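Trainee: I would like to see how this sequence folds:
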Amino acid sequence: MSFINYTYKIERIDQLIRLKNTGEPEDLARKIKITERSVYRTKVLIACMLLFPLFIQAQVKDLGVFKSKTEDIPYCVNQYWYPYGFTLSDEEKDNQFHLYCRPNQKTKLIMVLNKDTLKMEVSNRDTIRFTILVGKKKDTAYMEIIGVYDIPDIISKEDKLYHLSRLWSEAKYNFVNLDKITFDWDSLYYAYISKVLATQNDYDYYRLLERFYASLGDGHTQVKYYSFYVFLDYVPVNIEFFNNKPYITTYTNNIGMDSSFVGAEIIEIANMPVNQYLEDSLYPFISASTRHILQRRVSLTYGLKTIPFVMKVKKQDGSMVDLTFQRNGEETRTNQDLNYGKVISYSMPERVETKWMNDSILYLAVNTFYPEEKVINALIESEKEISKAKGLIIDIRENGGGSTTVAWHLQSYLTQGNYFLTFGSQIRINDGVKRANGNWIEEYEDFLKDRAYRFEETDTVWIPETMPRFLMPAVVLIGNSTFSAAEDFLVNLYEVPNRPLFIGEPTGGSTGSPLVIGLMDDSWARICTRRICFPYSKKPFVNEGIQPDILVMPTYDDYMNDKDVVLEKAIEYLKTRK
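Mentor: Reported below is the predicted structural model:
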């Protein structure tokens with residue numbers, strides 16, 4: 001074993017000791033990648049541990065006490081400023097700021113307080129501590145800047161098995177679409193036991209949990225975790241799908257590509273045909289109810305910083321080019337970056353926006369149904385302007401959901417009578433006695449086989465007499481990002497006679513009362529527990545999305561030229577309805 005190898009293993013042992021996570025000898029052997037026999041026999045490692053301070057130069061510094069008027073601290077990493085900053089918490093553990101530090105390199109960090117500007121250079125395994133007194137009350141926030149490079153491996157085998165088992169059990173008894181899956185859930189759980197116990201670090205473990213729940217094929221059933229963002233990054237290239245093919249549409253000018261790569265089609269990733277890479281390496285980890293939502297949610301270049309991103313592209317002139325990039329888009333970006341290709345705005349849209357398309361047609365974008373009170377108030381403030389329109393376009397293409405109460409409020413404007421019906425629901429039933437009787441009584445067999453449901457009838461939503469109505473010709477623009485409570489709105493409207501026309505692309509295809517389960521640290525999971533049904537036909541809404549009455553799919557040229565063909569089709573239709 002080389003001296004460098006010894007040093008690495010000493011660092012790893014030191015980390016495990018500090019975290020009190022060496023475990024049993026077989027656990028320690030796995031974590032430092034030696035045989036269990038070597039744990040007992042290799043005395044050199046123990047001797048080296050005594051000499052550890054001679055080799056490891058990590059620093060622990062205490063910078064003292066500082067003041068800040070606000071809990072939001074602007075900061076800069078290397079050359080990029082984060083204006084919204086780091087938000088301080090009164091929980092000590094929440095003020096740990098992990099900073100990615102490559103081997104033999106220092107990461108520069110600047111934090112701006114009141115009169116003080118803290119400048120520091122941080123290396124892997126450094127810890128820099130200081131205290132911030134916040135506001136007039138001088139609330140105390142204890143801050144730690146920690147340099148990291150190695151992905152943690154601190155989750156015990158017991159915890160790995162426990163949380164996998166909990167996810168399996170909660171889905172077995174609560175996931176509403178268990179009767180729709182095409183595999184045996186218990187068998188998949190059994191297969192995952194050995195997989196999770198063999199994971200080499202915590203990130204790999206969470207990735208497996210993510211894949212485990214994604215296999216259920218539902219957009220409201222997923223595992224979410226945030227602890228590893230510091231180890232992940234992207235290539236500053238924007239990729240969009242058109243006709244099921246990925247194209248480069250935007251990229252920064254500092255990654256080694258000239259403007260001729262705009263519009264290039266991606267042919268291969270990691271030396272695999274792009275579709276194979278998507279099917280094998282990305283799609284299995286995405287929780288989605290519909291095929292089209294996979295393309296909407298996938299991030300082709302995002303991944304571990306230590307693994308380069310390799311792709312082959314076909315430029316618009318037909319030439320093939322192999323490209324290799326480091327995943328360091330966030331790490332290396334600056335406030336002066338320029339882009340080739342389409343200009344993308346990353347600013348958040350207003351919750352509710354209005355604008356006149358001409359002297360008679362009003363465009364109303366409702367981009368979210370959350371927070372409930374603010375969106376409803378914004379709609380109320382727009383009522384006077386909407387009432388002047390002779391044609392109305394309601395755009396919910398980017399509406400990812402929120403509160404169903406907002407959906408009802410919006411539908412009330414479009415309803416001629418004094419009430420409307422809202423969706424019904426199918427919900428799982430768990431009854432131990434009936435499950436037991438299912439062993440020999442056919443009447444209760446569904447309980448034994450996890451397919452017993454109850455139906456919640458549709459409900460009546462009464463509309464206040466003071467509510468204004470907008471009964472002018474109207475259309476609703478929908479798309480792949482229309483999701484959750486926004487789909488509740490469409491399900492309620494879908495079977496109503498003389499409803500507004502739906503124009504655009506199929507919606508996301510998932511809604512329904514998710515059960516949230518806390519896991520470890522800031523990670524969590526959720527499970528869809530309600531299968532909504534159309535109010536009149538009682539037909540279940542599952543795994544399809546709402547289909548538009550008029551399908552309009554933007555092309556690459558439409559996207560690059562900022563041509564909103566969906567909106568254009570809506571205007572064209574309303575002009576015929578005057």
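Trainee: any idea which helix or strand comes after the worst-scoring helix or strand of the chain on mean pLDDT?
Mentor: Across the helices and strands of the chain, mean confidence by mean pLDDT, DSSP states H and E is lowest for helix 52-55: a mean of 42. As assigned by DSSP states H and E, the chain's next helix or strand after helix 52-55 is strand 60-68.
Trainee: beyond that following strand, next helix or strand please.
Mentor: Following strand 60-68 in sequence, per DSSP H and E, is strand 72-77.
Trainee: buried set for that next one?
Mentor: By 16 or more other C-beta atoms under 10 Å, the buried positions in strand 72-77 come out as 73-77. Yep, even glycine has a C-beta here, placed from its N, CA and C like the rest.
Trainee: stretch 489-504 too?
Mentor: 489-494, 496, 499-504.
Trainee: stretch 306-319: end-to-end distance?
Mentor: 29 Å (C-alpha to C-alpha, to the nearest Å).
Trainee: one step back: out of the buried residues of stretch 489-504, which are inside helices?
Mentor: 489-494 (DSSP state H).
Trainee: tell me how far the closest residue to residue 153 other than its chain neighbours lies from residue 222.
Mentor: With sequence-adjacent residues excluded and distances taken as C-beta to C-beta, 6 or more residues apart in numbering, residue 153 is closest to residue 201, at 4.3 Å. Using C-beta to C-beta, to the nearest Å, residue 201 is found at 21 Å from residue 222.
Trainee: same check on residue 162?
Mentor: Counting by C-beta to C-beta, the gap from residue 162 to residue 222 is 19 Å.
Trainee: the more surrounded of these two?
Mentor: residue 222 (21 against 13; other C-beta atoms under 10 Å).
Trainee: can you show me the helices along the stretch 1-150 of the chain?
Mentor: Here the stretch 1-150 of the chain has its helices, by DSSP state H, counting those that start in this stretch, at 3-18, 25-32, 36-41, 43-50, 52-55.
Trainee: now the weakest link among those, please, by mean pLDDT.
Mentor: Lowest mean pLDDT within these: helix 52-55, a mean of 42.
Trainee: domains for this structure, by residue range?
Mentor: 3-55, 60-148, 157-228, 231-341, 352-423+461-509+544-575, 425-457 (automatic domain parsing).
Trainee: now these as JSON lines including distance to residue 515?
Mentor: Formatted as JSON lines, the domains of the chain follow (distance: least, C-beta to C-beta, whole Å):
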{"stretch": "domain 3-55", "distance to residue 515": "31"}
{"stretch": "domain 60-148", "distance to residue 515": "25"}
{"stretch": "domain 157-228", "distance to residue 515": "6"}
{"stretch": "domain 231-341", "distance to residue 515": "14"}
{"stretch": "domain 352-423+461-509+544-575", "distance to residue 515": "15"}
{"stretch": "domain 425-457", "distance to residue 515": "11"}
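Trainee: next, count neighbours for residue 257.
Mentor: Count around residue 257 with other C-beta under 10 Å applied: 19.
Trainee: then the one 5 residues further on?
Mentor: The number of residues packed around residue 262, counting by other C-beta under 10 Å, is 19.
Trainee: then the one 3 residues further on?
Mentor: With neighbours defined by other C-beta under 10 Å, the count for residue 265 comes to 16.
Trainee: element containing residue 267, please.
Mentor: Per DSSP H and E: residue 267 is located in strand 265-269.
Trainee: who are the packing partners of that strand?
Mentor: Packing partners of strand 265-269 (3 or more C-beta pairs under 8 Å, 6 or more residues apart in numbering; DSSP states H and E): strand 245-252, helix 274-277, strand 309-314.
Trainee: okay, the angle between that strand and strand 245-252?
Mentor: Using axes from the mean of the first three to the mean of the last three C-alpha atoms, to 10 degrees, the direction of strand 265-269 lies 100 degrees away from that of strand 245-252.
Trainee: for residue 552, see how far away residue 62 is.
Mentor: Where residue 552 is concerned, residue 62 sits at a distance of 61 Å (C-beta to C-beta).
Trainee: alpha carbons only: can I get stretch 531-540 in PDB?
Mentor: Only the C-alpha atoms of stretch 531-540 are listed here, as PDB (Å, rounded to 0.1, in the frame of the first residue of the first chain):
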ATOM      1  CA  ARG A 531     -57.300   9.200  -7.400                       C
ATOM      2  CA  ILE A 532     -59.600  11.900  -8.500                       C
ATOM      3  CA  CYS A 533     -62.500  11.100 -10.900                       C
ATOM      4  CA  PHE A 534     -64.400  13.300 -13.400                       C
ATOM      5  CA  PRO A 535     -67.500  14.900 -11.700                       C
ATOM      6  CA  TYR A 536     -70.100  13.500 -14.200                       C
ATOM      7  CA  SER A 537     -68.700  10.300 -15.800                       C
ATOM      8  CA  LYS A 538     -66.900   9.300 -12.500                       C
ATOM      9  CA  LYS A 539     -64.100   8.100 -14.800                       C
ATOM     10  CA  PRO A 540     -60.700   8.000 -12.900                       C
END
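Trainee: can you tell me the average pLDDT over it?
Mentor: On average, stretch 531-540 scores 97.
Trainee: hmm, who's touching that stretch?
Mentor: If you take C-beta atoms under 8 Å, 6 or more residues apart in numbering as the criterion, stretch 531-540 is touched by 176-177, 420-427, 455, 458, 488, 491-492, 494-495, 511-512, 541-542.
Trainee: can you list the buried residues in that stretch?
Mentor: Quick answer for stretch 531-540 (16+ other C-beta under 10 Å): 531-535, 540.
Trainee: what about the chain, any weak spots by pLDDT?
Mentor: 1-58, 92-94, 578 (pLDDT under 70).
Trainee: which helix is the longest one in it?
Mentor: Max-length helix for the chain by DSSP H is helix 157-174.
Trainee: right, and the domains of the chain - which one's nearest residue 520?
Mentor: Closest approach to residue 520 among those (C-beta to C-beta): domain 157-228, 6.9 Å.
Trainee: the closest one: end-to-end distance?
Mentor: 19 Å.
Trainee: likewise for stretch 265-274?
Mentor: Start-to-end, stretch 265-274 (C-alpha to C-alpha) is 10 Å.
Trainee: again with stretch 363-372
Mentor: Across stretch 363-372, first to last residue, C-alpha to C-alpha, it's 21 Å.
Trainee: do stretch 206-226 as well
Mentor: 10 Å.
Trainee: give me the buried positions along it.
Mentor: 206-225.
Trainee: narrow those to those in strands?
Mentor: Taking DSSP state E, the ones among the buried residues of stretch 206-226 that sit in strands are 222-224.
Trainee: where's residue 148 relative to residue 269, distance?
Mentor: 27 Å.
Trainee: check residue 259 too.
Mentor: Distance from residue 259 to residue 269, by C-beta to C-beta: 22 Å.
Trainee: mind listing what's buried along the longest helix of the chain?
Mentor: For helix 157-174, by 16+ other C-beta under 10 Å, it's 157, 160, 163-164, 167-168, 170-171, 174.
Trainee: tally of neighbours for residue 197?
Mentor: 13.
Trainee: and if you look at residue 135?
Mentor: Residue 135: 11 neighbours (other C-beta under 10 Å).
Trainee: hang on, isn't it packed against residue 67?
Mentor: No - if you go by C-beta atoms under 8 Å, residue 135 and residue 67 don't touch, sitting 9.1 Å apart.
Trainee: follow-up on the earlier one: which one of the buried residues of stretch 489-504 is nearest to residue 331?
Mentor: residue 504 (36.9 Å).
Trainee: out of residue 259 and residue 269, which sits in the more crowded spot?
Mentor: The residue with more neighbours, out of residue 259 and residue 269, is residue 269; 22 against 10, by other C-beta under 10 Å.
Trainee: could I get the contacting residues of the more buried one?
Mentor: Contacts of residue 269 (C-beta under 8 Å, 6+ apart): 277, 300, 309-311.
Trainee: hmm, 6 Å instead?
Mentor: 277, 311 (C-beta atoms under 6 Å, 6 or more residues apart in numbering).
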